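S.K.: Here is the input, now give the coordinates:
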Amino acid sequence: MSSNLKQDISIGKNLKRLRKGAGLTQDQASAQLEVMGLPVTVDILSKMEQGRYSVRISVLSAMKKIYRVKTFDEFFRDLE
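M.R.: Residues are numbered from 1 along each chain as shown. Below is the predicted model:
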């Protein structure tokens with residue numbers, strides 16, 4: 001499998017909106033993900049929010065918890 005998989009639709013703007021809505025900086029969100037055993041650096045998180053890095057399901061599930069999101073639908077809101 002190629003390590004250069006590209007997202008066909010970016011959820012980056014929603015990731016940033018939800019993180020900010022939770023009152024977290026990228027540093028804080030990255031640290032919480034690391035504590036949960038997910039190696040997501042600030043650089044990787046930044047790239048996810050820019051749509052330049054694909055988000056793993058395990059990371060999305062952890063973000064749902066730390067961003068206090070009720071449903072996964074919030075990650076996909078207003079996508080074209």
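S.K.: tell me the pLDDT at D8?
M.R.: We have a pLDDT of 74 for D8.
S.K.: Can you classify it by secondary structure?
M.R.: coil (DSSP: H, G, I helix; E, B strand; the rest coil).
S.K.: Okay, now the unreliable bits of this structure?
M.R.: Counting by pLDDT under 70, the chain shows low-confidence ranges at 1-7, 80.
S.K.: Find the centremost residue of it, please.
M.R.: Using Cα atoms, centre = their mean, the residue of the chain that lies closest to the mean C-alpha position is L15, 4.9 Å off.
S.K.: name the element it belongs to?
M.R.: helix 12-21 (DSSP states H and E).
S.K.: I'd like the distance from that helix to the chain centre, please.
M.R.: Computed by Cα atoms, centre = their mean, to the nearest Å, the chain-centroid distance of helix 12-21 equals 8 Å.
S.K.: Buried residues of it, list them for me.
M.R.: 12, 14-19 (16 or more other Cβ atoms under 10 Å). (Each C-beta comes from the backbone N, C-alpha and C, glycine too.)
S.K.: Out of these, which is nearest to F76?
M.R.: Closest approach between those and F76, by Cβ to Cβ: N14, at 7.1 Å.
S.K.: Which of the three states applies to the residue nearest to that closest one when sequence neighbours are not counted?
M.R.: Nearest residue to N14, sequence neighbours excluded (Cβ to Cβ, 6 or more residues apart in numbering): F75, at 5.3 Å. Using three-state DSSP, the structure places F75 in helix.
S.K.: For F75, list the residues it contacts.
M.R.: 11, 14-15, 18, 60, 63-64, 69 (Cβ atoms under 8 Å, 6 or more residues apart in numbering).
S.K.: distance of it from S30?
M.R.: Counting by Cβ to Cβ, to the nearest Å, the gap between F75 and S30 amounts to 18 Å.
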